[in-house]
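Asks: with the input below, show me the fold.
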Amino acid sequence: MIVMLAGLLMVGVWAWGEDEPLPKGAIGAVKLDVLYELAFSPAGDLLGVATHGGVVLYSVPELEEVGTFSLPGSAYSVAFSPDGRYLAAGTYPAVVVWDYRTGEEVARKEGDFGIVYALAFTPNGERLLFGAGDGTVALWDFLGDQVLWSGTHSGAVRGVAVSPDGTMCASGSMTQGILWDISGETLFTFPGKAWNVAFSPDNYFLAIGSGKVVILWDTAVGLQYRYMWEHTGCVWWVEFSSNGKWLASASLDHTVKIWDWEAGHSLVTLEAHQDSVECVRFSSDSRLLASGSGDGQLYLW
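Replies: A predicted model of the protein is given here:
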């Protein structure tokens, strides 16, 4: 099913079997004015899109618009809590959290940190890690409205992640990646561009999109584990599948690659986008993939 809306941005989703890593074909698409980021709900029945005016929710796999969480400006980042209760959006200059079943705003954090480009909930769904344009990275207890700790990068923080076991978190900017203990202690610093960061499901590895490559770092010792270079443009986004089999990367070269990250090579290259692919997300069951590009195109495959 294909849904076309007025605008420039399209999102796509790929679907394949549990034991078959190759996409079978596009199952849906949406065209918006602009798309900054995507997130699947934990149940996989909704896709949140950060765009002008807030977050738009689409049903999966139908891609029918089912709701909107409005903001006075744009939403630049979006995340669902793992327990499925909360939806968060990063805007300028604030983070907003709603109960996404009722639509009620439950928390808001405003500051002088600029655009909030990146969000990640802790596994218990009670805290939110965010990264912002002034280099701030902070862990916020949004239910108690308390910033537990904050750190800084020398440039805008474009990616954050919390480890699946909740003991670590990571942040990335155009100058470096940082691995933190969840208490805010710096564990390791990774030199070079870190446009986005993602933890493997077993917590052992951190993937970083750095220039045209995907680098895997060992989180226990802070050493490089693998270096994967097949993209011809900057890697803007990296994401592990929850089953641990695959790693997806989105690039300036208009493609999405699905990697056998343990072997160090790509399995398939998805080439439907006509512009830089800004974001790619696996559904929680690893059977769907959504991607969004800078020209407003969203695909569901």
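Asks: hey, let's count contacts and neighbours off CA atoms from now on
Replies: OK.
Asks: tell me the spacing between Tyr58 and Leu148.
Replies: Remark: distance between Tyr58 and Leu148 (CA to CA, to the nearest Å) = 33 Å.
Asks: higher neighbour count, those two?
Replies: Of the pair Tyr58 and Leu148, Tyr58 is the one with more neighbours under other CA atoms under 10 Å, namely 20 against 15.
Asks: ok, what's across the strand from Gln176?
Replies: Here Gln176 sits in beta bridges with Pro191, as judged by DSSP bridges.
Asks: now do the same contact list for it.
Replies: 153, 189-194 (CA atoms under 8 Å, 6 or more residues apart in numbering).
Asks: now those in TSV, with neighbour count?
Replies: Output for the contacts of Gln176, formatted as TSV (neighbours: other CA atoms under 10 Å):
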residue	neighbour count
His153	21
Thr189	15
Phe190	17
Pro191	12
Gly192	16
Lys193	19
Ala194	28
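Asks: avg pLDDT for the top strand by length along the chain?
Replies: Secondary structure assigned by DSSP state E gives strand 46-59 as the longest strand of the chain. The average of the pLDDT scores along strand 46-59 is 97.
Asks: repeat that for stretch 102-120.
Replies: Averaging pLDDT along stretch 102-120 yields 98.
Asks: before we move on, the earlier item: which one of the contacts of Gln176 is nearest Gly211?
Replies: Closest approach between the contacts of Gln176 and Gly211, by CA to CA: Lys193, at 6.3 Å.
Asks: is it true that the closest one touches Val213?
Replies: No. Applying CA atoms under 8 Å, one finds Lys193 not in contact with Val213, separated by 10.1 Å.
Asks: quick one, phi psi at Asn124?
Replies: The phi/psi pair for Asn124 (degrees, to the nearest 10) reads phi -80, psi 0.
Asks: what residue ranges in the chain are flagged as low confidence?
Replies: The chain contains residues with pLDDT under 70 at 1-25.
Asks: count residues in the vicinity of Phe199, would you?
Replies: 25.
Asks: for Leu128, list each beta-bridge partner.
Replies: Phe121, Trp140.
Asks: how close does it get to Pro191?
Replies: Distance, Leu128 to Pro191, by CA to CA: 25 Å.
Asks: just Ile215 next, same as before
Replies: 11 Å.
Asks: intersection of neighbour lists for these two?
Replies: Jointly contacting Ile215 and Pro191 under the rule CA under 8 Å, 6+ apart is no residue at all.
Asks: buried sites along stretch 83-98?
Replies: Buried residues in stretch 83-98, counted by 16 or more other CA atoms under 10 Å: 86-98.
Asks: sorry, wrong one. I was asking about stretch 254-274.
Replies: 254-261, 266, 269-270, 273.
Asks: and the furthest pair within those?
Replies: Spatially, the most separated pair among the buried residues of stretch 254-274 is Trp261 and His273, at 22.8 Å (CA to CA).
Asks: and which of the buried residues of stretch 254-274 is nearest Ala118?
Replies: Using CA to CA, the buried residues of stretch 254-274 come closest to Ala118 at Val256, 20.0 Å.
Asks: what is that closest one paired to in the beta sheet?
Replies: Here Val256 sits in beta bridges with Ala250, Leu270, going by DSSP bridges.
Asks: which ones are touching it?
Replies: With CA under 8 Å, 6+ apart, Val256 has these contacts: 248-250, 269-271, 277, 280, 291.
Asks: got the buried residues of stretch 83-98 as a markdown table, with distance to Ala138 and secondary structure columns?
Replies: Output for the buried residues of stretch 83-98, formatted as a markdown table (distance: CA to CA, whole Å; DSSP: H, G, I helix; E, B strand; the rest coil):
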| residue | distance to Ala138 | secondary structure |
| --- | --- | --- |
| Tyr86 | 18 | strand |
| Leu87 | 18 | strand |
| Ala88 | 15 | strand |
| Ala89 | 15 | strand |
| Gly90 | 13 | strand |
| Thr91 | 15 | coil |
| Tyr92 | 16 | coil |
| Pro93 | 14 | coil |
| Ala94 | 12 | strand |
| Val95 | 11 | strand |
| Val96 | 14 | strand |
| Val97 | 15 | strand |
| Trp98 | 19 | strand |
